[in-house]
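[1] Structure of the sequence below:
(chains A, B, C and D)
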Protein chains: 2
Amino acid sequence: MSTKLDESRGVAAERVALALQEEILSGNLAPGTRLGEVALAERYDVSRGPVRSALNQLAESGIVSIVPNSGARVRELGRDDARALYEVRAALEAEAARLAAGHADAATGDVLGQLLGQHADEVSAHPQGAYLQGPGDRDFHMVIARMSGNPIILRYLTRELYPQLSLLRVKHRNVTGRGKAALLEHRRIAEAIACGDSEVAALLMRRHIRASWDALEAQLAATPEEQQS
Amino acid sequence: MSTKLDESRGVAAERVALALQEEILSGNLAPGTRLGEVALAERYDVSRGPVRSALNQLAESGIVSIVPNSGARVRELGRDDARALYEVRAALEAEAARLAAGHADAATGDVLGQLLGQHADEVSAHPQGAYLQGPGDRDFHMVIARMSGNPIILRYLTRELYPQLSLLRVKHRNVTGRGKAALLEHRRIAEAIACGDSEVAALLMRRHIRASWDALEAQLAATPEEQQS
DNA sequence: TCATCCAATTTTGTTGACAATATACTGCCC
DNA sequence: GGGCAGTATATTGTCAACAAAATTGGATGA
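    This is a model prediction of the structure:
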């Protein structure tokens, strides 16, 4: 009951790409899995043309890796990839917060406050904070990205960074979200944005992402990646 | 005599994409030009398959725009696109400078100093400063992006932002570069990076990009875009 | 027993033809 | 004369077959 309105509609390539991404990010297709074109073609009941297009699309978004003349596999993200990802995320989301604060109007504070209210309810419902870094958390960052008014930032985040972050979470299950702490940080960020304080908003957002990375890195350090060449 | 080593080598799609990008960014194919698949196919003596792949690739990098079931055209960048571009560029390049300063070693100062020396020669050779924002300027930013150690930032800059910036310059010919001023700013940025001063490096780089945008915007304001719906 | 070479098979890259959709044109009606 | 419907054309989306490359397996030799 989410985006189920599309089914066998529109362009086949798009349909395959969406379905594949869904299956990859849900953990159904583990990182490293070979993605043969013929297999996918008959799996989605479509020719190899659209499959090729879809694979290229997903390769651009960074969740599959294609080796020319060899094939595509679900991408395996290492620690270095994760770090690079969070560095870029920090830069872009901080910029988004800065811009959002730059053209904040009277309604801005209200919509952010309402959103945070919902999140507060969810956090108190699941006190262990196992959910954050979930859709709720993502909503907040998404809203700010949209409020930035910069379509490129929005595209990078939705089309590349967030999918890759989801892919990261596939490997390292149940990442212990920092529910309460994150919510508190969100509050301060929202406040700065509503006040139109660009510099503080950017600074707090950067710090927020950094904290998220620190938490994740601690877990990554606990489970050293076993990658054979 | 730059990257001429590739000619009819490797994957056809890649070859077409490179050639097309070259022709678009050189101004040979003006923004808005229709890019019919059959025309391109026989132009590059290849089938429509690789052409399709190449067009999708260039659409991802933002220099062609594809409308499903209608076709591809050379993208037309408006003022809003340009602003968004520079905002993202500021965020990413500032982050690159910050990271580069973060892990600067003894050799860093030397390589940057040498690069700046070359640029100084070029500037004094062309005092009107008509060249900067040319390959020389780009080299500096490129080197820093590489020094950041972050492959995602490097990819975004080389694969998307810089091509789009080049596309911008196609429309607005002879953008008056800020040769001397830019070189001075580069010097200070390099110094901060060599010293390992992340915060200052990021700040200066952001300011530098901002100044570049201000200069460009002044020119854009002088020539209002005539765009009919 | 292990390494190396070679052939068989699988898989990707490319091609040309077919189907579906959008665009352009012509004639018609108001 | 202007707007609109219907048709004709051209272009994109998709398909199935062909060619080239890589991977796999086994046989041969040291």
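[2] tell me the pLDDT at residue A:195?
    pLDDT for residue A:195: 94.
[3] How about residue A:29?
    Model confidence at residue A:29, given as pLDDT, is 95.
[4] likewise residue A:123?
    Note on residue A:123: pLDDT of 74.
[5] mind checking which helix or strand it is in?
    Using DSSP states H and E, residue A:123 maps to helix A:106-125.
[6] I'd like the next helix or strand past that helix.
    Next along from helix A:106-125, by DSSP H and E: helix A:135-147.
[7] How about the helix or strand hosting residue A:24 and DNA strand C, any contact?
    Secondary structure from DSSP H and E places residue A:24 in helix A:12-25. No. Counting by Cβ under 7 Å from any atom of the strand, DNA strand C has no neighbours in helix A:12-25; the shortest distance is 10.6 Å. In this view, the C-beta of every residue, glycine as well, is placed from N, C-alpha and C.
[8] in its sheet, what does the helix or strand just after that helix sit against?
    Next in sequence after helix A:12-25, counting helices and strands by DSSP H and E, comes strand A:34-35. In the sheet, strand A:34-35 lines up against strand A:71-74 (antiparallel) (DSSP bridges).
[9] Now the helix or strand following the strand it pairs with: buried residues?
    Downstream of strand A:71-74, the next assigned helix or strand under DSSP H and E is helix A:79-102. Using 16 or more other Cβ atoms under 10 Å in any protein chain shown as the test for burial, helix A:79-102 gives A:81-102.
[10] Please apply the same query to stretch A:38-53.
    Using 16+ other Cβ under 10 Å as the test for burial, stretch A:38-53 gives A:40, A:41, A:44, A:46, A:50, A:51, A:52, A:53.
[11] quick one: the third one and DNA strand C, what's the gap?
    Right, residue A:44. 14 Å (Cβ to the nearest atom of the strand, to the nearest Å).
[12] From what I see, that residue and residue A:51 are in contact.
    Yes. At 7.2 Å, residue A:44 and residue A:51 qualify as touching, with contact defined as Cβ atoms under 8 Å.
[13] give me the number of residues near the nearest residue to residue A:188 once chain neighbours are set aside?
    Nearest non-adjacent residue to residue A:188, counting by Cβ to Cβ, 6 or more residues apart in numbering or on different chains: residue A:204, 5.5 Å away. Residue A:204 has 22 neighbouring residues, counting by other Cβ atoms under 10 Å in any protein chain shown.
[14] contacting residues for residue A:204?
    Contact analysis of residue A:204 by Cβ atoms under 8 Å, 6 or more residues apart in numbering or on different chains lists A:97, A:185, A:188, A:189, A:192.
[15] try residue A:164
    The contact partners of residue A:164, taken as Cβ under 8 Å, 6+ apart, are A:61, A:62, A:63, A:75, A:77, A:81, A:85.
[16] Give the burial count for the fifth one, as a bare number.
    Same thing as residue A:77. By other Cβ under 10 Å, 21 other residues sit near residue A:77.
[17] likewise the fourth one?
    Burial of residue A:75, expressed as a neighbour count using other Cβ under 10 Å, amounts to 19.
[18] Quick check: phi and psi on it?
    Reported as degrees, to the nearest 10, the phi and psi values for residue A:75 are phi -70, psi 140.
[19] ok, it to DNA strand D distance?
    Look at residue A:75 and DNA strand D: by Cβ to the nearest atom of the strand, they are 17 Å apart.
[20] Can you tell me the closest non-neighbouring residue to that residue?
    residue A:65 (4.5 Å).
[21] on that earlier part again, now for the residue nearest to residue A:188, which secondary structure element holds it?
    helix A:198-222.
[22] Need the per-residue pLDDT for the residue nearest the centre of chain A.
    Compute the mean C-alpha point of chain A, and by Cα atoms, centre = their mean the closest residue is residue A:162, 1.6 Å away. If you check residue A:162, the pLDDT there is 95.
[23] Kindly report the same for residue A:5.
    Note for residue A:5: predicted pLDDT of 38.
[24] can you list the residues of chain A near chain B?
    Counting by Cβ under 8 Å from any Cβ of the partner chain, the residues of chain A close to chain B are A:10-11, A:49, A:52-53, A:56-57, A:60, A:68, A:84-85, A:87-88, A:90-92, A:94-95, A:99, A:150-153, A:156.
[25] okay, now the domains of chain A?
    Domains of chain A are assigned by automatic domain parsing as A:12-74, A:79-222.
[26] export those domains to a markdown table and tack on distance to residue B:171?
    A markdown table is the format used below for the domains of chain A (distance: least, Cβ to Cβ, whole Å):
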| stretch | distance to residue B:171 |
| --- | --- |
| domain A:12-74 | 26 |
| domain A:79-222 | 18 |
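[27] weakest of those in terms of mean pLDDT?
    Minimum mean pLDDT among the domains of chain A: domain A:79-222, a mean of 89.
[28] So what's the gap between that one and the chain middle?
    Counting by Cα atoms, centre = their mean, to the nearest Å, domain A:79-222 is centred 10 Å from the centre of its parent chain.
[29] before we move on, the earlier item: same for the helix holding residue A:24, what does it pack against?
    helix A:48-60, helix A:162-171 (3 or more Cβ pairs under 8 Å, 6 or more residues apart in numbering or on different chains; DSSP states H and E).
[30] List the buried residues of it.
    Under the neighbour-count criterion of 16+ other Cβ under 10 Å, helix A:12-25 has A:12, A:13, A:14, A:15, A:16, A:17, A:18, A:19, A:20, A:21, A:24, A:25 buried.
[31] Could you tell me the angle between the direction of it and that of helix B:48-60?
    When axes from the mean of the first three to the mean of the last three Cα atoms, to 10 degrees is applied, the directions of helix A:12-25 and helix B:48-60 differ by 60 degrees.
[32] circling back to that earlier point, for the contacts of residue A:164, which one is nearest residue B:30?
    Closest to residue B:30 out of those is residue A:61 (30.0 Å), distances taken as Cβ to Cβ.
[33] residues from chain A in reach of DNA strand D?
    Residues of chain A lying close to DNA strand D (Cβ under 7 Å from any atom of the strand) are A:11, A:12, A:13, A:46, A:47, A:48, A:49, A:50, A:53, A:69, A:70.
[34] Let me know the closest of these to DNA strand C.
    Nearest to DNA strand C among the residues of chain A next to DNA strand D is residue A:69, at 4.9 Å by Cβ to the nearest atom of the strand.
[35] Let me know the secondary structure of that closest one.
    With DSSP: H, G, I helix; E, B strand; the rest coil as the basis, the three-state label of residue A:69 is coil.
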